[in-house]
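Engineer: could you look at this predicted model? Sequence included:
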2 protein chains.
Amino acid sequence: MSVLVVGTTALDSIKTPKTENPLLLGGSASHAAVAASFFAPTRLVGVVGGDFPAKYLKLYQKHGICLNGLERVATGRTFHWSGEYEVNMNNRRTLDTVLGVIETWQPVLPAGYETTPFVLLANISPQVQHRVLDQVSKSRFVIADTMDLWLNIALPEVLKLLKRVDCLVLNDSEARQLVKEDNVINALPKIHKLGPKYVIIKKGEHGSVLSGPNGLFVAPAYPLKKVIDPTGAGDSFVGGLIGYLAAQKTGTIETNLRRAIVHGSVVASFCCEGFGLNVTTRTVRASIDARVRELEKIARF
Amino acid sequence: MSVLVVGTTALDSIKTPKTENPLLLGGSASHAAVAASFFAPTRLVGVVGGDFPAKYLKLYQKHGICLNGLERVATGRTFHWSGEYEVNMNNRRTLDTVLGVIETWQPVLPAGYETTPFVLLANISPQVQHRVLDQVSKSRFVIADTMDLWLNIALPEVLKLLKRVDCLVLNDSEARQLVKEDNVINALPKIHKLGPKYVIIKKGEHGSVLSGPNGLFVAPAYPLKKVIDPTGAGDSFVGGLIGYLAAQKTGTIETNLRRAIVHGSVVASFCCEGFGLNVTTRTVRASIDARVRELEKIARF
């Protein structure tokens, strides 16, 4: 079954202690759609400006991503994020953000997209996430990602969104912020009360925690010796996760979610090994499956 | 088989954002010996002063811990540590330390202790750890724990110790400090080069990572909704771990280590649920086994 991904399509300029990398393909929807495409037919809903390089369109197409929902505004600029990572690669700070065409974007789904069974509302304003949800019907499973920015400036819209989605994905500090609770495990039931049946908390190199009707799943991250650039790892995680879910012909969401999380985690590990999408886009399904098998061995007891 | 535990036996006064708890039973050897005693006969090697409460001796005895190696210096004061936890319970700072009898202590093993097959050098000065190792022979497996203090003030002695032990246990920031490497996974081979065949990195609520001849094991922590006092959790972890190893009648160290780590992690979870040893000493083996089974379900994929 196919996956619809809505989110930002961006040009990222990323500084690390050692390098500068201007105008990489980035954005939550780019990372998530490429990740999902390893498993299932993927539809990208986003917007770019006239400055968006043709080579990046080709990159999406190389992954078989349907671009009917990618709006191009020839007179506008593509959303541009620049940021910097500190030495330990865990702390990121934004240097500059140019919203460009994303600022006034009102997504309109192409005909046929409204029945996509798996919908990922990747990180973007909750207003845009709502607008896409308004246009889809009969979706089998809706996952929403978010970030601290929206909890700070658009909390009412985020809270409304939580009543409309099956699964919320957020990182540990966002989980604490959302329900004002220091202990992440204790935050989970409080987040469920806000709406989502499933909650997944991302902990970066420490893996993730799923909470759902059948209790908790504590998932390991694939252990990496070298992290080049973690930008987009969370988007790759959730993209891989929903792509894997959509591809399963047997089992229920509940029974498939654990392995979906492990597959998402492995796609995220490739993402971290290069700048932007450099390594992810060179990855093939067989390499993902090999790391999943490795992770099975590493986590068994 | 039996376990010898050497380390500090202390009185701890612990402040948290909500409470003050004076003169709790504490110290690395107290936590580790009680943890080990759930699985195997345990011998405690330590020193206390005349102020050490009789009730704490009874507590050791209730756990069947052999106290022939617990020296009592009637004219001296017991080692006293006082510390404070910050709101998120992850950051601890020392308010005061009175070394007391531990300052000049030169441990002498009682007759018969020198052939104890499993030796845990719990956190204490590397000089004391060396002195105990000098007196044991034919030990099947030696684990050393340490802390940042010794890396700062006694690094040469720590480095010498690493050549004499089978397994080093340390937390993630200590691992980074020891080999000057930001990435914990990348630090592992560098730590092996310093001597130990097995290295276990403790990551608190994020679990632990074992590295050995058969590769990595990424272990989950038991997810706790409430952490009352994490003091001694690392000592409980390594104590439970070596106790479980010593109790196994089949398998090799290599094959038993993964489940040993999981059992240690579960004992540490009980430790965190109360001040000092309050909850650990009320725990029984059946409760530990129940949490291990729960963790098996939580981590399976």
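Structural biologist: Structure's in. What do you need? Numbering: from 1, shown residues only, chains lettered A, B, ... in the order given.

Engineer: residue A:146 reaches residue A:171, doesn't it?
Structural biologist: No. Using Cβ atoms under 8 Å, residue A:146 is not in contact with residue A:171; the gap is 9.5 Å. Placement of C-beta: from N, CA and C, glycine included.

Engineer: between those two, which is the more surrounded one?
Structural biologist: Comparing residue A:146 with residue A:171 by other Cβ atoms under 10 Å in any protein chain shown, the one with more neighbours is residue A:146, at 25 against 20.

Engineer: any idea how far residue A:170 is from the more buried one?
Structural biologist: 6 Å (Cβ to Cβ, to the nearest Å).

Engineer: check residue A:192 too.
Structural biologist: Relative to residue A:170, and taking Cβ to Cβ, residue A:192 is found at 13 Å.

Engineer: kindly report the same for residue A:215.
Structural biologist: Counting by Cβ to Cβ, the gap between residue A:215 and residue A:170 amounts to 19 Å.

Engineer: more neighbours, these two?
Structural biologist: More neighbours surround residue A:170 than the other of residue A:215 and residue A:170, with 27 against 11 (other Cβ under 10 Å).

Engineer: which SSE is that one in?
Structural biologist: Per DSSP states H and E, residue A:170 falls inside strand A:167-171.

Engineer: from the contact counts, what lies against the following helix or strand past that strand?
Structural biologist: Heading C-terminal from strand A:167-171, the first helix or strand you meet, by DSSP H and E, is helix A:172-179. Contacts defined by 3 or more Cβ pairs under 8 Å, 6 or more residues apart in numbering or on different chains; DSSP states H and E place helix A:172-179 against helix A:148-153, helix A:184-192, strand A:198-202.

Engineer: redo those as JSON lines? Include mean pLDDT, mean neighbour count and distance to residue A:91.
Structural biologist: Converted to JSON lines, the helices and strands packed on helix A:172-179 look like this (pLDDT from 0 to 100; neighbours: other Cβ atoms under 10 Å in any protein chain shown; distance: least, Cβ to Cβ, whole Å):
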{"stretch": "helix A:148-153", "mean pLDDT": "95", "mean neighbour count": "14", "distance to residue A:91": "13"}
{"stretch": "helix A:184-192", "mean pLDDT": "97", "mean neighbour count": "19", "distance to residue A:91": "19"}
{"stretch": "strand A:198-202", "mean pLDDT": "98", "mean neighbour count": "24", "distance to residue A:91": "15"}
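
Engineer: which one of these lies nearest to chain B?
Structural biologist: Among the helices and strands packed on helix A:172-179, the nearest to chain B by Cβ to the nearest Cβ is helix A:184-192 (4.5 Å).

Engineer: could you pull out the helices for chain A?
Structural biologist: With helices called from DSSP state H, chain A shows them at A:28-37, A:54-62, A:126-135, A:148-153, A:155-162, A:172-179, A:184-192, A:233-247, A:253-272, A:285-299.

Engineer: please identify the deepest-packed of the ones you listed.
Structural biologist: Most buried of the helices of chain A, by mean neighbour count (mean count of other Cβ atoms under 10 Å in any protein chain shown): helix A:28-37, with a mean of 32.

Engineer: quick one: residues contacting residue A:7.
Structural biologist: When contacts are counted by Cβ atoms under 8 Å, 6 or more residues apart in numbering or on different chains, residue A:7 touches A:27-30, A:32, A:45-46, A:120-124, A:145, A:235.

Engineer: how about 10 Å then?
Structural biologist: A:27-33, A:44-46, A:120-124, A:128-129, A:132, A:145, A:235, A:238-239 (Cβ atoms under 10 Å, 6 or more residues apart in numbering or on different chains).

Engineer: which one is the residue of the stretch 101-250 of chain A found nearest chain B nearest to, not counting chain neighbours?
Structural biologist: Per Cβ to the nearest Cβ, residue A:206 is where the stretch 101-250 of chain A lies closest to chain B, at 3.9 Å. The shortest distance from residue A:206 to any non-neighbouring residue, by Cβ to Cβ, 6 or more residues apart in numbering or on different chains, is to residue B:206 (3.9 Å).

Engineer: count of neighbours near the one you found?
Structural biologist: The local packing of residue B:206 (other Cβ under 10 Å) involves 21 other residues.

Engineer: how close does residue A:249 get to residue A:2?
Structural biologist: From residue A:249 to residue A:2 the distance is 14 Å (Cβ to Cβ).

Engineer: more crowded one of these two?
Structural biologist: residue A:2 (18 against 5).

Engineer: give the contact list for that one.
Structural biologist: So residue A:2 contacts A:36, A:40-43, A:66, A:112-113, A:115-118, A:243, A:246-247 (Cβ under 10 Å, 6+ apart).

Engineer: mind checking pLDDT for it?
Structural biologist: Looking at residue A:2, its pLDDT is 97.

Engineer: how about the one 4 residues further on?
Structural biologist: Looking at residue A:6, its pLDDT is 98.

Engineer: ok, it - how many residues close by?
Structural biologist: 29.

Engineer: bridging residues for it?
Structural biologist: Counting by DSSP bridges, residue A:6 is bridged to residue A:45, residue A:121.

Engineer: wait, it sits on residue A:43?
Structural biologist: Yes. At 9.1 Å, residue A:6 and residue A:43 qualify as touching, with contact defined as Cβ atoms under 10 Å.

Engineer: spit out the contact partners of the nearest residue to residue A:44 once chain neighbours are set aside.
Structural biologist: Closest residue to residue A:44 apart from its sequence neighbours, by Cβ to Cβ, 6+ apart: residue A:33 at 4.6 Å. Residue A:33 sits next to A:3-7, A:9, A:27, A:42-46, A:60, A:63, A:65-67, A:70, A:120, A:122, A:235-236, A:239, A:243 when contact means Cβ under 10 Å, 6+ apart.

Engineer: what's around residue A:274, how many residues?
Structural biologist: With other Cβ under 10 Å as criterion, residue A:274 counts 17.

Engineer: just the one 5 residues further on next, same as before
Structural biologist: Residue neighbour count, defined by other Cβ under 10 Å, stands at 16 for residue A:279.
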